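Enquirer: Predicted model follows, preceded by the sequence.
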Amino acid sequence: MDIVSRTPFTLKLIQRFPGYKESVGSKFSMNERDIWENGFYTLAAEENETLEVLFDSADKNARLYLEALDVMPYDDKNLFEDEEGRLYRTVSPESFLLCSSDSTTDTLRVDSFKMSIYCNEKWYYGVLNILPKAMSKKEWKMMKDDLEKEVRGLAQDIIQKNIGIGNKNIKISPRILYDFMILKKYSKRVIMALMNIAENPKCEIVTEYENVSLQKNNERNFDAATMRRYATRSGCDARWKIPVKRTCYDIQENRLLKNMLQEYDDKLVEFIAILDNAESFNMEEESNKEMLLEFRETAEKLKKVTAILKAQEWFGKVGKLSGPYIPHSFILDTRYNTIYQMHMELKQNEVQIHLNPEFDYTWKRSSYLYEMWCFFKVCHFCFEKLDLEYSDWNFDLKGEVFFPFLKEGTMVRFSNPVIRVDVVYDQCLPLEKEATDINHPLYIAKQHGNHRNHNRPDIVLNVYDNERNVYLGSIILECKYRKLHSFWSEDSTRSSRGQLEAYYNNARSSHLLAGLGESFNIRPISKVLALSPDDRADGLEQEDFGIEIKTFKPTEDGREEHINQWIFEEIVNLEKRYDKFWRIIWPDEQAEVHFV
C-alpha cells in the first residue's frame, strides 16, 4: 500500500462544540483501491455533529472531491462542478461548514465517504469516517442489517395473512410464498401467451434432402446442391439429391419454453396442494375463503392451459434443452418473453420485497433507525407467541412488492383466543377523552402553564382480554439512542426523566377495565420502559413512576431476548391485575389468568 503522510495541501476537520477540536488529515494513498482495505481512514467524526473543513494549498488549482459535498449549501462561492458533473471544493484559507447538527443543513449519516484530492497534477485518496454515537460501528451495521431482515420477515408474515394462508399451523417458507406471488402476478399474461403459443408456436423452415431416382424427378425442384451431386456422382449413383422444405419446431426457443414450462407446472401442483391445506385452516374467515377460492381457480386454470400446450402435436417434437443460451428472438417475441420474465423472477435467490424509498432517507439519522429497529423487534417478539391478526400495511401483489414506510400511528395487531396486543409506532396521543375509543384507548391529561404535554411515545403496547374485549392497560417503550447520562441525569439539559414520568402520571383512559378503571382511578400505564444501547443503562429504575431502563442493542449471542421476556411478564401482570379486580368486583365469579 502506497501511504503518503506529507502532502502539498492541508486538510483539517474542525469541531467547535462542545469544545474546540481539530483533526489533521495525514494519511492518504496514491492508489484508490488501497483506501477500502484494512479499515483505512484519514479523518473521523461522530454523527450529528457540526463539522467544518479547512482545505488549503499553495497550488491554487487544487481540488477537493468529497462524496458528502452534496449536503453543503449550493451558494458556497468555492463549490463548483467539473465537466463530469462532480462537485469539488477549491482551496481557501478559511474553513467551510460541511454539515450542521441543527436543521440548516443535512447531517452526515454513519458511513465512509471517499475523498479525492487533485493537487500538483497528482491524485491523493482518503476516507472520511462518520461513526455512530451510542454504539460501535459494528453494532450499528448489525442493527441496520437486522432491521432490513425484520422488515422483510414481517412483510412476508403480513402477506401470508392478507392472502389467507397466515395460520401458524401451515408452514410455508418465504421461498414458496414468493413463488406464489410471482405466479399470481403473471397469471393473466401467461395464460394469454401460452394459448397463443399453442396455436402459433415459433418454428423454422429447414431444407432437407431426399435421394430420388432419375425416373421420378419430373415434379421436383433442383438447387445448387442437387447439381453438384449430379455432376460428381451421376455416373455411379442414378439418384437425384432433391431439396424438401419442412417445418421444424425443435428449435432453441421451444426447448427453453419446454424446460421452463416443466418447472412452472411443478410449482402449480405444489401450490394447489398448499391451498388445499390452507383452506381447511381458514374456513371461519369469509374474506380468506373467497381469496383462497380465487387463487385455487387461477392455479387450476394455469394447470389446464399448460396441459393444452403439452398436448399439441408439435410440442412432442421438441427435444431436450442442450445448451442454456438465450436466442435474441426469444426475447423479442412478447409471448416467449413473458414466460422468460416470470422464469427469471422465480429463479432469483432472494425474496424481492422492496423497501419504500423513504426508508433510505430516514436511515440517515441513527435515532430513527434505532426507533424502527426497536419497533420491528417488538413485533418479532409478539409474533413468536401470538398470531398476526391485522396491520395498517396493505401490499399490492399485482406488481413489485414494496414495504410501506413506517408512518406515525402505524399499528400491528397480534392475538390468540384469549389475549390481544396492539403494537403502535410513534402515536400522537390525544389530549381529550372524547378523542378516544376502545381501539385507541389512551389520552394525556393536559398540563397547565408552560409545562410541555408529552404525548408522543415511540412505541405503545395496548393489551386486551380477547374473550371479553376488555382493555387491560398499556406498556410504553421509549427508544433513547443516547448515552445514559444525557437522558437520565437530572442535571443534563437533554434529560428525559420528566418525559418518562409524564407518560406514567398523565396517561388516562375511560375504557380501562370496561370503564371501571377510571371510576377507581386506576392507571392505564403499568410500566414505562426506556431502551438505550448504552451498556450502563441496564437495570436502572424509578419504581415510584413505574420506569425501568434496559440496554437494548444488536448482539451476536441473542441477548436481545431479555426484552422479549420482560414484555410478556408485563402482559401477564396486566392479566393478573384484571384477575384481582374481577375477584373484588364480582367475588362469586372466577377469573383466570390466561396468558402465560
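Expert: Good, I have the coordinates. Numbering: from 1, shown residues only.

Enquirer: OK, contacts around Glu294?
Expert: Glu294 makes no contacts at all, as judged by Cβ atoms under 8 Å, 6 or more residues apart in numbering. (C-beta placed from N, C-alpha, C; glycine too.)

Enquirer: Could you look up the SS state of it?
Expert: helix (DSSP: H, G, I helix; E, B strand; the rest coil).

Enquirer: Select the longest helix from the protein.
Expert: Across the chain, the longest stretch assigned as helix under DSSP state H is helix 252-281.

Enquirer: How far off centre is it?
Expert: Computed by Cα atoms, centre = their mean, to the nearest Å, the chain-centroid distance of helix 252-281 equals 27 Å.

Enquirer: And the helices in the protein, which stretches?
Expert: 137-162, 174-199, 224-233, 252-281, 286-310, 328-332, 334-347, 358-362, 366-385, 484-488, 497-506, 516-519, 561-585.

Enquirer: need those helices in JSON lines with mean pLDDT, can you?
Expert: Below are these laid out as JSON lines (pLDDT from 0 to 100):
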{"stretch": "helix 137-162", "mean pLDDT": "74"}
{"stretch": "helix 174-199", "mean pLDDT": "81"}
{"stretch": "helix 224-233", "mean pLDDT": "63"}
{"stretch": "helix 252-281", "mean pLDDT": "80"}
{"stretch": "helix 286-310", "mean pLDDT": "76"}
{"stretch": "helix 328-332", "mean pLDDT": "86"}
{"stretch": "helix 334-347", "mean pLDDT": "88"}
{"stretch": "helix 358-362", "mean pLDDT": "53"}
{"stretch": "helix 366-385", "mean pLDDT": "87"}
{"stretch": "helix 484-488", "mean pLDDT": "84"}
{"stretch": "helix 497-506", "mean pLDDT": "91"}
{"stretch": "helix 516-519", "mean pLDDT": "88"}
{"stretch": "helix 561-585", "mean pLDDT": "88"}
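
Enquirer: for those helices, which one ends up most surrounded?
Expert: Mean neighbours per residue, mean count of other Cβ atoms under 10 Å, is largest over the helices of the chain for helix 366-385, with a mean of 21.

Enquirer: Which one of the helices of the chain lies nearest to Tyr20?
Expert: Tyr20 lies closest to helix 484-488 among those, at 20.8 Å (Cβ to Cβ).

Enquirer: follow-up on the earlier one: of all the helices of the chain, which one is nearest Ile549?
Expert: When the helices of the chain are compared (using Cβ to Cβ), the closest one is helix 484-488, at 6.8 Å.

Enquirer: and the closest one, what does it pack onto?
Expert: Applying 3 or more Cβ pairs under 8 Å, 6 or more residues apart in numbering; DSSP states H and E, we find helix 484-488 packed against strand 525-532.

Enquirer: what's the strand it packs on packed up against?
Expert: strand 470-479, helix 484-488, helix 497-506, strand 547-551, helix 561-585.

Enquirer: If we use 6 Å, what do you get?
Expert: If you count contacts as 3 or more Cβ pairs under 6 Å, 6 or more residues apart in numbering; DSSP states H and E, strand 525-532 packs onto strand 470-479, helix 497-506, strand 547-551.

Enquirer: quick one: pLDDT of Val71?
Expert: What the model reports as pLDDT for Val71 is 69.

Enquirer: wait, Asn78
Expert: Asn78 carries a pLDDT value of 86.

Enquirer: Quick check: closest non-adjacent residue to it.
Expert: Thr90 (4.7 Å; Cβ to Cβ, 6 or more residues apart in numbering).

Enquirer: Roughly how far does that neighbour sit from Thr50?
Expert: 22 Å (Cβ to Cβ, to the nearest Å).

Enquirer: Glu389 now?
Expert: Counting by Cβ to Cβ, the gap from Glu389 to Thr50 is 46 Å.

Enquirer: ok, now Asp2?
Expert: 34 Å.

Enquirer: Who has more neighbours out of those two?
Expert: Taking other Cβ atoms under 10 Å, Asp2 and Thr50 do not tie; Thr50 has more neighbours (18 against 9).

Enquirer: Spit out the contact partners of Asn78.
Expert: By Cβ atoms under 6 Å, 6 or more residues apart in numbering, the contact list for Asn78 reads Arg89, Thr90, Ser92.

Enquirer: for these, which one is nearest Asp145?
Expert: Using Cβ to Cβ, Arg89 comes nearest to Asp145 of the contacts of Asn78, at 33.1 Å.

Enquirer: now that closest one, which residues is it bridged with?
Expert: Under the criterion DSSP bridges, Arg89 forms beta bridges with Leu64, Leu79.

Enquirer: Tell me, how many residues neighbour it?
Expert: What Arg89 shows, counting by other Cβ under 10 Å, is a neighbour count of 21.

Enquirer: what do you get for the one 3 residues further on?
Expert: Burial measure for Ser92: 16 neighbouring residues, criterion other Cβ under 10 Å.

Enquirer: Equivalent analysis for the one 3 residues further on, please.
Expert: If you count neighbours by other Cβ under 10 Å, Ser95 ends up with 17.

Enquirer: likewise the one 5 residues further on?
Expert: For Ser100, the neighbour count with other Cβ under 10 Å is 16.

Enquirer: From Tyr41, how far out is the nearest residue to Lys137 once chain neighbours are set aside?
Expert: Nearest residue to Lys137, sequence neighbours excluded (Cβ to Cβ, 6+ apart): Leu131, at 5.8 Å. Between Leu131 and Tyr41 the computed distance is 10 Å (Cβ to Cβ).

Enquirer: List the buried residues of stretch 34-44.
Expert: Applying a neighbour-count criterion of 16 or more other Cβ atoms under 10 Å, one finds Ile35, Phe40, Tyr41, Thr42, Leu43 buried in stretch 34-44.

Enquirer: quick one: contacts of it?
Expert: The contact list for stretch 34-44, computed with Cβ under 6 Å, 6+ apart, reads Met1, Leu13, Ser23, Gly25, Lys27, Ser29, Tyr125, Gly126, Val127, Leu128, Asn129.

Enquirer: Span of it from start to end?
Expert: 18 Å (Cα to Cα, to the nearest Å).

Enquirer: would you turn the contacts of stretch 34-44 into a markdown table with distance to Met143 and neighbour count?
Expert: Compiled in a markdown table, the contacts of stretch 34-44 are given as follows (distance: Cβ to Cβ, whole Å; neighbours: other Cβ atoms under 10 Å):
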| residue | distance to Met143 | neighbour count |
| --- | --- | --- |
| Met1 | 31 | 11 |
| Leu13 | 25 | 21 |
| Ser23 | 26 | 15 |
| Gly25 | 29 | 24 |
| Lys27 | 28 | 16 |
| Ser29 | 30 | 21 |
| Tyr125 | 29 | 22 |
| Gly126 | 27 | 23 |
| Val127 | 22 | 21 |
| Leu128 | 22 | 24 |
| Asn129 | 17 | 17 |
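
Enquirer: Redo those as JSON lines? Include distance to Lys202.
Expert: JSON lines is the format used below for the contacts of stretch 34-44 (distance: Cβ to Cβ, whole Å):
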{"residue": "Met1", "distance to Lys202": "56"}
{"residue": "Leu13", "distance to Lys202": "63"}
{"residue": "Ser23", "distance to Lys202": "66"}
{"residue": "Gly25", "distance to Lys202": "62"}
{"residue": "Lys27", "distance to Lys202": "61"}
{"residue": "Ser29", "distance to Lys202": "55"}
{"residue": "Tyr125", "distance to Lys202": "53"}
{"residue": "Gly126", "distance to Lys202": "57"}
{"residue": "Val127", "distance to Lys202": "54"}
{"residue": "Leu128", "distance to Lys202": "56"}
{"residue": "Asn129", "distance to Lys202": "56"}
